[in-house]
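K.L.:
quick one: sequence plus predicted model below, questions after.
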Amino acid sequence: MFATAIRFLATKPKPKMKPIELKMVIFDVLKEHGPLAIAETWEHVKEVGLRGLSSKRHMKIVMRWMRERQKVQLLCDHVGPQNRFLYTTWFTKPDLRQTKLGSSIQGPK
């Protein structure tokens with residue numbers, strides 16, 4: 001009986017939206033708003049009102065899946081001693097000089 005309860009609790013509910021629809025919405029957000037960090041992407045997805053994503057963790061799992069399938073790429077933005085990891089599509093040229101925090105990367109003079 002204990003094993004049956006464990007199996008029942010281990011089953012995951014079916015998603016409300018198909019994974020392809022989730023992927024397309026996240027892809028469109030990244031394509032429209034440029035290189036984004038996870039938190040910024042989550043804010044934009046919440047603005048869109050996507051019902052299929054239950055949490056930020058679920059979005060990270062979908063984005064990891066997209067990265068493995070080479071739908072999005074992960075960039076590292078070195079700003080001083082800190083690193084920012086930004087997601088972007090493969091088809092857009094990333095402009096890392098303008099970040100949302102207002103800092104900019106200084107090129108060689």
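P.N.:
Everything's here; your move.

K.L.:
C-alpha from now on. contacts and neighbour counts both.
P.N.:
Will do.

K.L.:
list of residues touching the worst-scoring helix or strand of the chain on mean pLDDT?
P.N.:
When each helix and strand of the chain is scored by mean pLDDT, DSSP states H and E, helix 2-10 comes last, with a mean of 78. Residues from elsewhere that reach helix 2-10 (C-alpha atoms under 8 Å, 6 or more residues apart in numbering): none.

K.L.:
how far does that helix sit from its chain's centre?
P.N.:
The chain centroid and the centroid of helix 2-10 are separated by 32 Å under C-alpha atoms, centre = their mean, to the nearest Å.

K.L.:
show me what the next helix or strand after that helix is in contact with.
P.N.:
Following helix 2-10 in sequence order, the next helix or strand is helix 19-33 (DSSP states H and E). Helix 19-33 is contacted by residues 36, 41, 44-45, 50, 52-53, 62-63, 66, 71-72, 87-89, 92 when judged by C-alpha under 8 Å, 6+ apart.

K.L.:
phi, psi of residue 36?
P.N.:
phi -130, psi 150 (degrees, to the nearest 10).

K.L.:
one more: the one 4 residues further on?
P.N.:
The main-chain torsion angles of residue 40 are listed as degrees, to the nearest 10 and equal phi -70, psi -40.
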